[in-house]
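**Student:** give me the fold of what follows.
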Amino acid sequence: MTDLFTSAGLEEGAPRPLADKLRPKTLDEVVGQDHLIAPDGPIGRMLSAGRLTSLIFWGPPGTGKTTMARLLADQTDLYFEQISAVFSGVADLRKCFEAAAGRRKTGKGTLLFVDEIHRFNRSQQDGFLPYVEDGTIILVGATTENPSFELNAALLSRLQVLTLNRLDDEAMGELLSRAERLEEKRLPVTDEARQMLHSMADGDGRYLLNLTDILLSLEFEETLDAAGLLKILQKRAPVYDKDREGHYNLISALHKSLRGSDTDAALYWMARMLAGGEDPMYILRRLVRFAAEDIGLADPNALVQALAAKDAYEFLGSPEGDLNLAQAVIYLGTAPKSNAAYMAFKKAGKAAKSTGSLNPPMHILNAPTKMMKDLGYGKGYAYDHDTAEGFSGQNYFPDGLAREAFYGPKERGFEREIKKRLEYWNKLRSE
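**Tutor:** Numbering: from 1, shown residues only. Model (predicted):
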């Protein structure tokens, strides 16, 4: 197989990054993606059947997307062509298709690997369709973004999406061991610092090997602990795109952790978002929404706490105001949960849309003029405060619409008390 070093035209003996030296020569050497390349995985089954289809590799950076595409081309005897959507346009695509068509006439197929395929606009993506359909190319696209959001439905329907996992500790440990064997030198770090290397890489194998390359190229008088390692290597910022899928994944994780009353997990996801540079006001807007949607009247103070955190943050700013976010998250996470108000609003909205323009009953309409009084406006209205219980039990639904119970409070928190009140009023109403 022609590797990146050779294809780049570099002479033998030229300096090579460690990540390139350790680039797998066979699919068996790829780490962390056994769910795809194992005999019972989708790629394993394709190779066993001798039939490769067009694919999308979706996964974080440094998980082997480019390497696996090269190895697939090599193992299926296809010509490997690589382009990047960042640097390529329509003219480049046309050249690739024409070259692939020419090779096809000689009996040689082409695997066209498109890095960052989501960067192509919709019309450019449509340009792939006829060449994928007639077999001129086997298309393998790579993306870090959710294909269902970023790729045309027409193109996506012709591709199989394979998800690559971020590398876990076992996979990164294997990469470090391979690096030490290749360089015949052990990393000068303690076990704690070695684990910190994993954390700094954040599932990115290429980044891990780049850090390792730096460490192996230096000489140290003593073994580096975690603090010493941080002095040598700058800590990597968490992978977090505020305007892309990671943004929505983490806010979803925060929301669902709060709903599940897992306060510690909620604090973790909030901290992840802040560390990634998220706007705290975006988080606060979600907390205010959560207070009404998932807690509601089970704890009426939840909304007060969320809004107080918003006001405090606007007053203090970061980093002091970040503590107010943490306090709100803790309060919301530990509060009793109820979506009764949320569901009641949805049910009432559905009923309102389906019943058209029914008028309120006449007895609850005001009668500011004599004519309106003569027409019966307000006639028979019972003033609730004049009753013994402060409750008249009159009908307030439109005439012709049966009474509906939209709000059903839970047996949790303050809603227990609300439920007792509603049951009492229902009893009076039935009497």
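**Student:** my guess is Tyr79 meets Arg104, correct?
**Tutor:** No: assessed by Cβ atoms under 8 Å, Tyr79 is found out of contact with Arg104, at 9.8 Å. Heads up, the C-betas are built off the backbone N, CA and C, glycines and all.
**Student:** so what sits against both of those two?
**Tutor:** The contact sets of Tyr79 and Arg104 overlap at Thr110 (Cβ atoms under 8 Å, 6 or more residues apart in numbering).
**Student:** all strands for this structure, in order.
**Tutor:** 55-58, 79-84, 110-115, 138-143, 160-163 (DSSP state E).
**Student:** CSV please, covering those strands and showing mean neighbour count, mean pLDDT and distance to Gly349.
**Tutor:** CSV is the format used below for those (neighbours: other Cβ atoms under 10 Å; pLDDT from 0 to 100; distance: least, Cβ to Cβ, whole Å):
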stretch, mean neighbour count, mean pLDDT, distance to Gly349
strand 55-58, 24, 94, 37
strand 79-84, 17, 92, 48
strand 110-115, 24, 94, 45
strand 138-143, 25, 93, 38
strand 160-163, 15, 92, 36
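**Student:** could I get those strands as JSON lines with distance to Pro17?
**Tutor:** Supplementary listing: the strands of the chain in JSON lines, determined by distance: least, Cβ to Cβ, whole Å:
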{"stretch": "strand 55-58", "distance to Pro17": "21"}
{"stretch": "strand 79-84", "distance to Pro17": "18"}
{"stretch": "strand 110-115", "distance to Pro17": "18"}
{"stretch": "strand 138-143", "distance to Pro17": "19"}
{"stretch": "strand 160-163", "distance to Pro17": "26"}
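**Student:** how much space separates the residue nearest the centre of the chain from Trp269?
**Tutor:** Nearest to the mean C-alpha position of the chain, by Cα atoms, centre = their mean, lies Asn249 at 2.3 Å. Distance, Asn249 to Trp269, by Cβ to Cβ, to the nearest Å: 9 Å.
**Student:** check Asp92 too.
**Tutor:** Asp92 is 40 Å from Trp269, where distance means Cβ to Cβ.
**Student:** ok, these two, which is more surrounded?
**Tutor:** Using other Cβ atoms under 10 Å as the criterion, Asp92 and Trp269 rank with Trp269 on top: 22 against 13.
**Student:** right, and that one touches Ala253 too?
**Tutor:** Yes: here Trp269 reaches Ala253: they are 4.5 Å apart, a contact under Cβ under 8 Å.
**Student:** quick one, what contacts Leu303?
**Tutor:** By Cβ under 8 Å, 6+ apart, the contact set of Leu303 is 288, 291-292, 295.
**Student:** please repeat the previous calculation with a cut-off of 7 Å.
**Tutor:** Leu303 makes contact with 291-292, according to Cβ atoms under 7 Å, 6 or more residues apart in numbering.
**Student:** and the pLDDT at it?
**Tutor:** Looking at Leu303, its pLDDT reads 96.
**Student:** any idea how far it is from Leu254?
**Tutor:** Leu303 sits 17 Å away from Leu254, taking Cβ to Cβ as the criterion.
**Student:** same question, Gly349
**Tutor:** Gly349 is 27 Å from Leu254, where distance means Cβ to Cβ.
**Student:** more neighbours, the two?
**Tutor:** Neighbour totals were compared for Gly349 and Leu254, and Leu254 leads with 25 against 11 (other Cβ under 10 Å).
**Student:** isn't the more buried one right next to Trp269, touching?
**Tutor:** Yes: with contact defined as Cβ atoms under 7 Å, Leu254 counts as touching Trp269 (4.1 Å).
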